[in-house]
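A.B. asks: need a 3D model of the sequence below.
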Amino acid sequence: MKRLKPTQKSAKVKDLFEQEARTLNKLGRHEQIPTLYAYFEHDYEFYLVQELVVGHDLTKEINHFWNESKVIEFLAEILELLIFVHDNNVIHRDIKPGNIMRRKSDGKLVLIDFGAVKEVRTIVVGNDGQPTSTINIGTPGYMSVEQLQGRPKFASDIYAVGVTAIQALIRKSPQKFPHNISGEIECETLLSGINDELANILIKMVKVNWHQRYPNAKVALAELLNIKPNLESLIPQQKQGETIKITPPIINNISSNNITQPPESKLEPPSGQVPLNSPFYIERIPIESECFQAILKPDALIRIKAPRQMGKSSLLSRILAHASQEAYRTVYLDFQTIDPEFIENLDQFLQWFCANVSDELDLEEQLDKYWKKVLGVKKRCTKYFEKYLLKEIKTPIVLGLDEVDQLFQNQDLATQFFALLRAWHEQGKNNPDWQRLRLIIVHSKEVYIPLNINQSPFNVGLGIELPEFNLEQVKDLVQRHGLIWSDAQIETLMEMLGGHPYLVRLALYEIASGKMTLERLLELAPTDEGPYYNHLHRHLLNLQKDENLQTAITKVVNAETPVEVGTIEGFKLRSMGLVKFRGNAVVPLCGLYREYFRVHV
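C.D. replies: Numbering: from 1, shown residues only. Predicted structure coming up:
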């Protein structure tokens with residue numbers, strides 16, 4: 001029998017208890033969830049009469065060594081049990097070793113202590129009649145970010161299962177797990193030596209962003225069963241307790257492309273933003289730490305500018321992940337995905353903007369309530385944020401606005417939208433509600449639209465212009481790809497590619513995966529046969545749209561010294577990432593662009 005003593009005596013709390021008890025009664029029909037025999041209330045205290053499970057919880061068991069086969073068996077059984085729970089639209093909310101029993105009679109796992117029932121003890125009813133929990137139900141270390149924010153998902157249970165499995169493999173409590181600056185568990189460190197396929201499943205289970213996890217137990221189990229035949233091949237060796245010593249080969253002749261590389265499955269072809277858990281993300285110190293500190297300040301505004309494929313979105317995702325780790329709510333909007341008709345007028349665009357922010361915050365869109373025609377469109381948008389979004393969510397909200405260049409094609413719309421963002425930023429200087437709104441604006445191009453200096457968000461806040469990788473950063477990236485190179489080889493690569501993150505990463509991927517040697521890559525790079533064809537051809541098409549730019553780039557690539565090409569052309573070429581400034585003059589960003597455009601422009 002369990003007694004639940006509520007914080008507040010209320011008929012509403014009693015109704016909630018009865019509702020959750022009925023749910024528990026339904027779940028108790030599963031053989032691996034304790035049967036609920038009765039529930040009742042006496043003197044405003046609540047009682048549950050449940051089946052006694054004879055056995056032990058997993059607290060001590062998982063602190064003894066669990067090999068990979070044991071963890072696989074655990075995952076398969078607990079996920080199958082969770083499918084039943086999730087199919088009944090229930091989130092456990094407190095999965096941990098202490099709430100998983102090993103039944104003595106048959107050795108099966110039994111899931112106990114569902115969080116929703118325990119929450120009844122913490123419920124208080126406000127003056128508006130709405131019940132609110134005074135604390136988060138769950139256990140630190142096993143709780144995901146969204147659960148800490150009071151918004152648990154089915155994926156929150158997946159996170160807790162993943163943490164428990166990792167704990168069993170490494171015999172270390174979750175509170176001692178190392179985390180990187182983005183808040184991700186450092187699984188590559190913890191799971192070193194673990195089967196890659198099993199490690200990949202666990203990594204996905206414990207992602208900070210719940211959208212990147214398995215959405216529910218059914219999907220997670222399906223992937224586990226899909227690879228289980230491969231994993232089961234490990235079991236006989238592990239059960240025999242054999243230790244296999246592998247002696248590394250002696251390398252006598254180290255060529256330009258000798259590799260100690262990781263398996264190809266661990267390499268990542270560069271495409272889009274670098275995943276949060278990627279070992280190939282290179283920090284550009286102190287940029288990341290400056291951004292992480294800035295976003296925690298009231299009324300923060302960060303501006304990130306760099307040409308395409310320089311790492312803007314990768315940095316943005318890490319700032320958002322850091323904010324999530326601080327229990328902030330985050331919104332990511334990629335303006336490249338906006339349909340053209342929404343950029344035709346300000347009213348349509350701001351409605352799209354508000355609806356998408358609401359969706360990212362898991363709030364119902366309420367444009368009909370706040371979009372009153374008697375108000376101007378910017379006032380309607382401001383009211384939507386002030387009266388709805390900032391009232392519903394009490395924690396800071398971080399808006400990550402990626403590729404805002406898309407708005408520059410409608411100059412009037414862009415001028416008014418950016419003036420609105422600046423106005424919100426100014427309101428945050430004195431208004432506590434607006435101080436909780438934090439902005440990150442990411443763009444590639446120079447801002448040519450005519451903005452009043454007092455209405456522009458591009459001259460306030462923290463401005464970040466991402467640089468190329470330097471020599472030490474490229475060396476680091478070479479090592480992460482498992483390549484053994486001399487300084488001379490790295491310098492030769494940089495003569496062709498500079499420190500351009502995408503160009504360098506693609507080169508190292510091609511070489512580390514065995515597709516070509518360094519010498520062959522340098523030979524093919526500035527040709528249509530090389531791996532950079534799509535990248536170079538895109539730039540060529542953009543240059544061909546502007547005769548002045550064609551003239552300017554021709555002048556630049558054929559000059560042996562820095563050359564002046566005019567202010568506007570210089571800034572446009574820099575925005576494209578093709579040149580860099582030397583005082584008022586410019587030079588090609590790298591040898592690749594010099595060689596290619598000498599031939600093709």
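
A.B. asks: quick one, what contacts H537?
C.D. replies: D528 (CB atoms under 8 Å, 6 or more residues apart in numbering). The way it works is simple: take the backbone N, C-alpha and C, and place the C-beta from them, glycine included.

A.B. asks: which parts of the helix or strand where it lies are buried?
C.D. replies: Using DSSP states H and E, H537 sits in helix 533-544. For helix 533-544, burial by neighbour count (16 or more other CB atoms under 10 Å) applies to 535-536, 539, 543.

A.B. asks: present those as CSV; the columns should include pLDDT and distance to Q336.
C.D. replies: Formatted as CSV, the buried residues of helix 533-544 follow (pLDDT from 0 to 100; distance: CB to CB, whole Å):
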residue, pLDDT, distance to Q336
H535, 95, 17
L536, 96, 21
H539, 94, 18
L543, 94, 21
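
A.B. asks: got the CA positions of the helix holding H537 in PDB?
C.D. replies: Output of helix 533-544 as PDB, limited to C-alpha atoms (Å, rounded to 0.1, in the frame of the first residue of the first chain):
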ATOM      1  CA  TYR A 533      32.400  20.800 -59.100                       C
ATOM      2  CA  ASN A 534      29.000  21.500 -57.600                       C
ATOM      3  CA  HIS A 535      30.400  24.100 -55.200                       C
ATOM      4  CA  LEU A 536      32.400  25.900 -57.900                       C
ATOM      5  CA  HIS A 537      29.600  25.700 -60.500                       C
ATOM      6  CA  ARG A 538      27.100  27.300 -58.000                       C
ATOM      7  CA  HIS A 539      29.500  30.200 -57.600                       C
ATOM      8  CA  LEU A 540      30.000  30.500 -61.300                       C
ATOM      9  CA  LEU A 541      26.300  30.700 -62.000                       C
ATOM     10  CA  ASN A 542      25.900  33.400 -59.400                       C
ATOM     11  CA  LEU A 543      28.700  35.400 -61.000                       C
ATOM     12  CA  GLN A 544      27.200  35.100 -64.400                       C
END
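
A.B. asks: helix or strand right after that helix?
C.D. replies: Helix 533-544 is succeeded, C-terminally, by helix 547-557 (DSSP H and E).

A.B. asks: chain center to that next one, what's the gap?
C.D. replies: 39 Å (CA atoms, centre = their mean, to the nearest Å).

A.B. asks: across the sheet, point out what pairs with M101.
C.D. replies: D57, V110 (DSSP bridges).

A.B. asks: from P34, how far off is it?
C.D. replies: 9 Å (CB to CB, to the nearest Å).

A.B. asks: please enumerate the shared neighbours of the two.
C.D. replies: Both M101 and P34 are in contact with 53, 110, 112, where contact means CB under 8 Å, 6+ apart.

A.B. asks: hang on, the earlier thing: could I get the buried residues of helix 533-544 as TSV with distance to A76?
C.D. replies: Listed next are those as TSV, based on distance: CB to CB, whole Å:
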residue	distance to A76
H535	44
L536	49
H539	50
L543	56
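
A.B. asks: returning to that earlier point: quick one: which of the shared contacts of M101 and P34 is most hemmed in?
C.D. replies: Most neighbours among these, by other CB atoms under 10 Å: V110, with 21 neighbours.

A.B. asks: what distance separates the helix holding H537 from the centre of its chain?
C.D. replies: On CA atoms, centre = their mean, the centre of helix 533-544 falls 30 Å from that of its chain.

A.B. asks: what angle sits between that helix and helix 547-557?
C.D. replies: If you take axes from the mean of the first three to the mean of the last three CA atoms, to 10 degrees, helix 533-544 sits at 120 degrees to helix 547-557.

A.B. asks: shaky segments in this protein?
C.D. replies: 2-17, 19-20, 43-44, 115-137, 228-265, 446-450 (pLDDT under 70).

A.B. asks: would you map out the domains in it?
C.D. replies: 2-237, 287-465, 532-601 (automatic domain parsing).

A.B. asks: among those, which is nearest N277?
C.D. replies: Among those, the nearest to N277 by CB to CB is domain 2-237 (5.4 Å).

A.B. asks: contacts for stretch 337-356, please.
C.D. replies: Against stretch 337-356 from outside (CB under 8 Å, 6+ apart): 331, 333, 365, 367, 371, 377-378, 380-381, 384-385, 406-407, 409-410, 412-413, 416-417.

A.B. asks: list only buried entries from these.
C.D. replies: Listed as buried from these are 331, 333, 371, 377-378, 380-381, 384-385, 406-407, 410, 413, 416-417; burial here means 16+ other CB under 10 Å.

A.B. asks: residues contacting the residue lying closest to H64 once chain neighbours are set aside?
C.D. replies: Nearest residue to H64, sequence neighbours excluded (CB to CB, 6 or more residues apart in numbering): R171, at 7.8 Å. Going by CB under 8 Å, 6+ apart, R171 touches 62-65.

A.B. asks: what about the closest residue to Y533 other than its chain neighbours, how many neighbours?
C.D. replies: Among residues not flanking Y533 along the chain, T527 sits closest, at 8.0 Å (CB to CB, 6+ apart). Residues lying near T527 (other CB under 10 Å) number 13.

A.B. asks: give me the secondary structure label for T527.
C.D. replies: coil (DSSP: H, G, I helix; E, B strand; the rest coil).

A.B. asks: which SS class is N63?
C.D. replies: Assignment for N63 (three-state DSSP): coil.

A.B. asks: now it: how far from Y142?
C.D. replies: 15 Å.

A.B. asks: neighbour count: those two, which is higher?
C.D. replies: With neighbours defined as other CB under 10 Å, N63 and Y142 compare such that Y142 has more, 25 against 14.

A.B. asks: and the more buried one, its phi and psi?
C.D. replies: The phi/psi pair for Y142 (degrees, to the nearest 10) reads phi -100, psi -10.

A.B. asks: ok, it - contacts?
C.D. replies: Here Y142 is in contact with 94-96, 159-160, 163-164, 174 (CB under 8 Å, 6+ apart).

A.B. asks: do the same with A199
C.D. replies: Contacts of A199 (CB under 8 Å, 6+ apart): 187, 191.

A.B. asks: three-state assignment of it?
C.D. replies: The assignment at A199 comes out as helix when based on three-state DSSP.

A.B. asks: any idea how far it is from T164?
C.D. replies: 15 Å.

A.B. asks: picking up where we left off before, Q489: which of the domains of the chain is closest?
C.D. replies: Of the domains of the chain, nearest to Q489 by CB to CB is domain 532-601, at 15.1 Å.

A.B. asks: start to end distance for the closest one?
C.D. replies: 16 Å (CA to CA, to the nearest Å).

A.B. asks: what about the helices in the stretch 451-600 of the chain?
C.D. replies: All helices of the stretch 451-600 of the chain, identified by DSSP state H, counting those that start in this stretch, fall at 471-480, 487-497, 501-512, 518-524, 533-544, 547-557, 567-576, 591-600.

A.B. asks: just the CA coordinates for the shortest one, please, in CSV.
C.D. replies: What follows is helix 518-524, C-alpha atoms only, in CSV (Å, rounded to 0.1, in the frame of the first residue of the first chain):
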residue,chain,number,x,y,z
LEU,A,518,46.2,14.2,-51.4
GLU,A,519,48.2,14.5,-54.6
ARG,A,520,45.2,13.4,-56.8
LEU,A,521,42.9,15.7,-54.9
LEU,A,522,45.1,18.7,-55.5
GLU,A,523,45.3,17.8,-59.2
LEU,A,524,41.5,17.5,-59.7
